[in-house]
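**Student:** Here is a sequence together with a model predicted from it:
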Amino acid sequence: MDKLGNKLIKIILESDNSIDMEKNIYQAISEVIVEIVSEALEKVDDKLVNNMKVQGYEIERKDKRKIQFLFGDVTFTRRLYRKGKKYKYALDECLCLKSYKRYSSLTEAKFAEISTSSSFSKSAEAINKVSTLNVSPSGVHKITQRVAAKVIEYTEKNKKKSKVKRKVPILFLEGDGLIIKSQKKRRISIHRFQVHEGVIKEGNRTKTINLHRCTDTSRRKAYKDMLRYLHDNYDLTDTIVLTNSDNGSGYEPEVFQELTLECKQHEHFLDKYHLNRKIEERMYFCDFELIKKMKQAIYEYSKKDVEIVLDTMEAIAVIKKDHSQSKRATEKLAAYLSRNWDYIKPLNLREIEGVSSSKGLGICENSHRPYVYRMKRQGKTWSPGGAKNMVKLIDSLENNIFEEAIKADNKKENLDSIPEPKINMNDILLDRFVEHTAVKNGKINSESKSSPLGIIKKIFNS
C-alpha cells in the first residue's frame, strides 16, 4: 500500500478515540487536497505563458497568493504580466479571482447562503467549527453584502422571463408587509408580493406550484417587479385570478386589480389570518364564546348574525370600567367588517366557474418565515441597505436563482487554445511526503499528509 494509505492506517490504529481519529483523518485529507490544488494551479500558470506572450505580454515577476477555498487555504505562485502600462495575472483571471480577494467565489457564496438563516456571528461560528476555514462575523457580513450586490445586479439585468407565456386556468396572487427595526431607532417596512398556480399534495405536506416572490424595502419596487413578472410569464386572458391581502395601505383590492388587468376574472379576498386577528383584537373585553359566535357568523357569511354579536358587544361595553374604550373598539370592528364585507364572502358563495377550492390562498403569512426568522429575532436592527440586501438574497434562494446569479459573475474566458496541463497524480501525492525543514514558496509545509488515492483523484477531478 502507498504512503497515503499507510498514514491513514497509522492514524486509525494510534488514535485514542473515534473523535480524534476523525479529526486527524479530516486534517490529513485537507492538507493533501490543498497541496495537490496548489501544484495544479502552478502547472496551469505554466501553460498560460505562451498564450500571454502571443497577446504581446511579457513576464514581469512571480508573486505568491493565498486563497481560501471550501477545502482549505491554498498558497500558490503565479506570474505577473506586463504590456506597456497594463498589468495582469493570467491565472487570477482564469480563476475569476478579483484583486485583494481572500476567498474563492464559491466560498463567498456559501457564506452568504448560510447568513440568510442565522446571524453573522452564528454563521461565522458554524463555518469555523465544521470546516478548515477561519472567518470573523464582520468578514461574513462584508462578504454577504458583496454577494448580495452581485445577486441584485444580476436579477435587475435578467428578469425571469418564459420563452412562451404560460396559460393556466387559475392563479393565486397575494401581498403583505412586515416591519423590522432600523439601526436609527426607526422602522423599516419589507413589502412582499407572491404568485403561484396552486398547491399539490406531496406525502403529508403540500407544495406550491411555480411559486415566485417579489420582495423589497420599497413597496413600489416590489409592485413593479411583480407586475413585470406577471406580464413576462403569463397570458391571463383565460385565467381566473384569486387575490388575497389584509386590505391595508398599499395592498387594497384596487392594487391587485391593476396587477391582474386583462385576466378572465378577478376575485379578491380579505386574508383570514388578519381578519381573525382583528376580531380578537377588537373583542378583547368579550368572552371566548362570543368571539367564537362572531367568527361563526362570518364563516357562514350571515350579516344578521354579525349584527347580533355587535349589539351584544355594545351592551357589554356599557357595563365595563373602560366603557368608552370598549365602545370605541366595537364601533371600529363594525366599520372594519362593513368596509370589507364584500371581500369576506366565501369562495363557495361566489360565481367562479371551475374553481372549487381556495387552497393556496392565505399562505403569504407562512412564507414570511424566512424573512421574519432572519430579520426580526433577538433584537436585530438593520440599515436600509443591509435590509434590502438580505431580503434580495432570501428571495434569490426561494426563487431558485441564487446559483444562477453567482455563476454569471464568474464565467471563465474560453481557454480551448491552451494545452491542458499534464499532471501525474501519483508523483504529486507521493512526493508530498518528503520531510521539509523550511517552508517552500508556493507549498504548504506539512509533517504528514494522508488520504486514499482514489478519494483524492475523485475530489480533484470533480
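**Tutor:** Arrived safely, thanks for sending. Numbering: from 1, shown residues only.
**Student:** I'd say C263 and L242 touch.
**Tutor:** No: counting by Cβ atoms under 8 Å, C263 does not reach L242; the two are 10.3 Å apart. The C-beta positions use only the backbone N, C-alpha and C, and glycine is treated the same way.
**Student:** between the two, what contacts are shared?
**Tutor:** Shared contacts of C263 and L242, defined by Cβ atoms under 8 Å, 6 or more residues apart in numbering, are found at L171.
**Student:** And the two? Which one has more around it.
**Tutor:** In terms of neighbours (other Cβ atoms under 10 Å), L242 is the more surrounded of C263 and L242; the figures are 24 against 20.
**Student:** Parallel or antiparallel, which strands does the one helix or strand the more buried one maps to pair with?
**Tutor:** Element membership for L242, per DSSP states H and E: strand 240-245. Using DSSP bridges, strand 240-245 pairs in its sheet with strand 170-182 (parallel), strand 265-270 (parallel).
**Student:** could those go into a markdown table alongside distance to M313, mean pLDDT and mean neighbour count?
**Tutor:** Output for those, formatted as a markdown table (distance: least, Cβ to Cβ, whole Å; pLDDT from 0 to 100; neighbours: other Cβ atoms under 10 Å):
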| stretch | distance to M313 | mean pLDDT | mean neighbour count |
| --- | --- | --- | --- |
| strand 170-182 | 28 | 94 | 20 |
| strand 265-270 | 20 | 95 | 21 |
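**Student:** Mind putting those strands into CSV with distance to G362?
**Tutor:** Formatted as CSV, those follow (distance: least, Cβ to Cβ, whole Å):
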stretch, distance to G362
strand 170-182, 8
strand 265-270, 8
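**Student:** Out of those strands, which gets nearest to E258?
**Tutor:** strand 265-270 (10.2 Å; Cβ to Cβ).
**Student:** As CSV, could you dump the C-alpha coordinates of that closest one?
**Tutor:** Taking C-alpha atoms only, strand 265-270 is exported to CSV below (Å, rounded to 0.1, in the frame of the first residue of the first chain):
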residue,chain,number,x,y,z
GLN,A,265,-62.0,37.1,-13.8
HIS,A,266,-60.6,38.6,-10.7
GLU,A,267,-61.8,37.8,-7.2
HIS,A,268,-60.3,39.5,-4.1
PHE,A,269,-60.4,38.0,-0.6
LEU,A,270,-59.7,39.5,2.8
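**Student:** Determine the three-state secondary structure at E262.
**Tutor:** When classified by DSSP: H, G, I helix; E, B strand; the rest coil, E262 comes out as coil.
**Student:** Quick check, it in contact with L236.
**Tutor:** Yes: the pair E262 / L236 is scored as a contact, 5.4 Å apart, by Cβ under 8 Å.
**Student:** More neighbours: which of those two?
**Tutor:** The neighbour comparison of E262 against L236 (other Cβ under 10 Å) goes to L236, with 22 against 11.
**Student:** Identify the residue spatially nearest to that one, adjacent ones excluded.
**Tutor:** Distances taken as Cβ to Cβ, 6 or more residues apart in numbering place C263 nearest to L236, at 4.0 Å, with adjacent residues excluded.
**Student:** okay, now the domains of the protein?
**Tutor:** 3-149+404-461, 165-401 (automatic domain parsing).
**Student:** Between its first and last residues, how far does the longest one reach?
**Tutor:** Start and end residues of domain 165-401 are separated by 19 Å (Cα to Cα, to the nearest Å).
**Student:** got the contact list for the residue nearest to L236?
**Tutor:** L171, L236, T237, T239, I240, V241.
**Student:** With distance to L48 as added columns, please give those residues in TSV.
**Tutor:** Formatted as TSV, the contacts of C263 follow (distance: Cβ to Cβ, whole Å):
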residue	distance to L48
L171	52
L236	53
T237	56
T239	54
I240	59
V241	56
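**Student:** for E314, helix, strand, or coil?
**Tutor:** Counting by three-state DSSP, the backbone at E314 sits in helix.
**Student:** same question for stretch 43-54, mean pLDDT?
**Tutor:** Average pLDDT, stretch 43-54: 93.
**Student:** could the domains of the chain go into a markdown table alongside distance to N158?
**Tutor:** Shown next, in a markdown table, are the domains of the chain (distance: least, Cβ to Cβ, whole Å):
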| stretch | distance to N158 |
| --- | --- |
| domain 3-149+404-461 | 7 |
| domain 165-401 | 8 |
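**Student:** Of all these, which one comes closest to E156?
**Tutor:** Here domain 165-401 is closest among the domains of the chain (Cβ to Cβ), at 9.5 Å.
**Student:** so what's E267 closest to, chain neighbours aside?
**Tutor:** Using Cβ to Cβ, 6+ apart, the closest residue to E267 is L242 (5.3 Å).
**Student:** And the residue of the chain positioned farthest from its centre, how far from I308?
**Tutor:** Computed with Cα atoms, centre = their mean, the residue of the chain farthest from its C-alpha average is I319, at 52.8 Å. For I319, the distance to I308 equals 18 Å [Cβ to Cβ, to the nearest Å].
**Student:** Check V241 too.
**Tutor:** 35 Å.
**Student:** More neighbours: which of the two?
**Tutor:** For V241 and I308, the more surrounded residue by other Cβ under 10 Å is V241, and the numbers stand at 23 against 14.
**Student:** ok so K98 is a strand residue?
**Tutor:** No: the assignment for K98 by three-state DSSP gives coil, which leaves it out of any strand.
**Student:** Could you shift the numbering so residue one becomes 67, and keep it that way?
**Tutor:** With the count now opening at 67, the last piece we talked about shows up as K164.
**Student:** Next, count neighbours for it.
**Tutor:** Around K164 there are 11 residues (other Cβ under 10 Å).
**Student:** and if you look at F135?
**Tutor:** For F135, using other Cβ under 10 Å, the count is 17.
**Student:** for R148, same thing?
**Tutor:** By other Cβ under 10 Å, neighbour count at R148 equals 14.
**Student:** What of K273?
**Tutor:** Around K273 there are 12 residues (other Cβ under 10 Å).
**Student:** same thing with Q362?
**Tutor:** For Q362, the neighbour count with other Cβ under 10 Å is 13.
**Student:** how far away is it from E355?
**Tutor:** Q362 is 10 Å from E355, by Cβ to Cβ.
**Student:** Y367 too?
**Tutor:** For Y367, the distance to E355 - Cβ to Cβ - is 20 Å.
**Student:** ok, now T274?
**Tutor:** 36 Å.
**Student:** Mind checking which of these two has more residues around it?
**Tutor:** T274 (17 against 7).
**Student:** quick one, phi psi at the more buried one?
**Tutor:** phi -80, psi 150 (degrees, to the nearest 10).
**Student:** Now for this protein, the helix or strand with the poorest mean pLDDT.
**Tutor:** helix 519-527 (a mean of 44; mean pLDDT, DSSP states H and E).
**Student:** Tell me if I am right that L463 is in a helix.
**Tutor:** Yes: counting by three-state DSSP, L463 falls inside a helix.
**Student:** Look up how far I429 lies from L308.
**Tutor:** 12 Å.
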